[in-house]
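> Need a 3D model of the sequence below.
(one chain, ligands or ions: 2)
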Amino acid sequence: MTGPTVTAVELLHALPALAPYARTATLLRPSAGSPGPYESSVGGPPLWPVDEPWPRCRQPHLVYVREKLTDAEREAWQGIARNRRQRRRHDGAHVLTAEEAATQSRIMDGGSLDLIAWERVRLVPRPVPGDGLPMVPVLQLHARDAPALRRPPGTDLLQLLWCPQDHAEPEGQPRYWGPVVELRHRASAETGTTAAGPPVPGGAKEVYLPAPCRLEPVEALDLPEQDELPEELYESVEQWAAGRGTDYNRVLGCLPGWKAGGWPSWHLTDFTPLDCRCGARMRLLLTLDSGGDPGLNVGRYGELRVFSCPEDPDHPMRLNIQ
Ligand SMILES: [Zn+2]
Ligand SMILES: [Zn+2]
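Ligands and ions are numbered 1, 2, ... in the order given. This is a model prediction of the structure:
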């Protein structure tokens, strides 16, 4: 692998005003393998206390539901189409009246229509039967592999598990649609292994089941994107990068891929500050990426980011997909 010809270190040297924004990120670099429970991994078997129950998701899952339109709905829909055709013949107008648009959106009810079967297709939350769906291990990170990452005192092992299904704004996660995530901070020396290994849930979404990967972590300086920097400073940064024939974003700052710590990119939405309930601005803890050897697909081939509270790692984390 060849590194970039210019580095964030050179940029910091040229623009010392950036120094307060520099963070050490650990790029995790997963590649296909058969990791054991004592290694850091993506999709590998986690170290697990023998007497600790495996986490299960009991939150509603989003499933596609098809509903037959009522005769009245079907007639209303066909009536609108008829009226539109007449108007088009008459004066070439294609627009729907406000009333027709309202009727259509009431019939679609947040979904889409299958006009061959005359069915409405919607994603709706459905309760999970029984005692929930077992979560799957997604990431296990030993402190020795990401020493720059802040951890609760006395712990040296961070685990991320998720429910491999879609959820709409699960508990504590406003404006988030995706897998429900759980974190575990542990002391590895006090953690045994599960005898049987984690159960594989039935009915999981394939794109949320990571293929087992080993990690090849490297540390890198990471810098924030435009909206998290003072305007003048960002202009100097862009000029510096352009003068060296490189991009700033995703090359020198907001480094892409699986990482621990560092800065998040806000390429889909504009910068959306996430504040903890204690008032502190939350910080990027982990970034999980789509594609590559783990073979995940979050959002539309995006990144799932986990933010934690810098004041107290026990405060609830927040999730965001870009
Ligand atoms: Zn779930
Ligand atoms: Zn907090």
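> so where's this protein uncertain?
Filtered on pLDDT under 70, the chain yields the residue ranges 1-5, 195-197.
> Output the set of residues of it in proximity to ligand 1.
Cys57, Cys163, Gln165, Val180 (Cβ under 5 Å from the ion). C-beta coordinates here come from the backbone N, C-alpha and C atoms, glycine included.
> Other residues contacting stretch 262-279?
23-26, 220, 222-225, 227-228, 249-250, 253-256, 281-282, 284, 287, 299, 302-303, 305, 307, 309, 311-312, 315-316, 318, 320, 322 (Cβ atoms under 8 Å, 6 or more residues apart in numbering).
> ok, of these, which come out buried?
By neighbour count, with 16 or more other Cβ atoms under 10 Å, those hold 25-26, 220, 222-225, 228, 249, 253-255, 282, 284, 287, 302-303, 305, 307, 309, 318, 320, 322 as buried.
> can you pull the buried residues of the longest helix along the chain?
With secondary structure taken from DSSP state H, the chain has its longest helix at helix 71-91. Across helix 71-91, burial judged by 16+ other Cβ under 10 Å covers Glu73, Ala76, Trp77, Ile80, Arg84.
> is stretch 268-280 up against ligand 2 anywhere?
Yes - judged by Cβ under 5 Å from the ion, stretch 268-280 comes into contact with ligand 2 at Cys276, Cys278, Ala280.
> In contact with the closest residue to the last one other than its chain neighbours, which residues?
Excluding its sequence neighbours, the residue lying closest to Ala280 (Cβ to Cβ, 6 or more residues apart in numbering) is Glu311, at 4.6 Å. Neighbour list for Glu311: Cys276, Cys278, Ala280 [criterion: Cβ under 8 Å, 6+ apart].
> burial measure for the closest residue to ligand 2 within the stretch 51-200 of the chain, as a count.
Nearest residue of the stretch 51-200 of the chain to ligand 2, counting by Cβ to the ion: Gly172, 12.5 Å away. The tally of other residues near Gly172 (other Cβ atoms under 10 Å) stands at 12.
> any idea how the protein splits into domains?
Following automatic domain parsing, one finds the domains of the chain at 30-60+132-216+264-321, 62-126.
> Quick check: which of those is buried the most?
Comparing the domains of the chain by mean neighbour count (mean count of other Cβ atoms under 10 Å), domain 30-60+132-216+264-321 ranks first with a mean of 17.
> Can you get me the centre-to-centre distance for it and its chain?
Taking Cα atoms, centre = their mean, to the nearest Å, one finds domain 30-60+132-216+264-321 lying 10 Å from the centre of the chain it belongs to.
> Can you measure across it, start residue to end residue?
Domain 30-60+132-216+264-321 has an end-to-end distance of 20 Å (Cα to Cα, to the nearest Å).
> Next up, the contacts around the most centrally placed residue in the chain.
Nearest residue to the geometric centre of the chain (Cα atoms, centre = their mean): Leu304, 1.7 Å. When contacts are counted by Cβ under 8 Å, 6+ apart, Leu304 touches Gly178, Pro179, Val181, Thr287, Leu288, Val298, Leu319, Asn320, Ile321.
> Which single residue in the stretch 1-150 of the chain comes nearest to ligand 1?
Proximity of the stretch 1-150 of the chain to ligand 1 (Cβ to the ion) peaks at Cys57, 3.1 Å away.
> give me the element Ile107 is part of.
For Ile107, the host element (DSSP states H and E) is helix 98-108.
> before we move on, what about Glu235?
Glu235 belongs to helix 231-243, assigned by DSSP H and E.
> Which SSE is immediately downstream of that helix?
Note on helix 231-243: by DSSP H and E, the next helix or strand toward the C-terminus is strand 259-260.
> how near is the closest residue to His94 other than its chain neighbours to Leu96?
Nearest non-adjacent residue to His94, counting by Cβ to Cβ, 6+ apart: Arg88, 6.1 Å away. According to Cβ to Cβ, to the nearest Å, Arg88 stands 12 Å off from Leu96.
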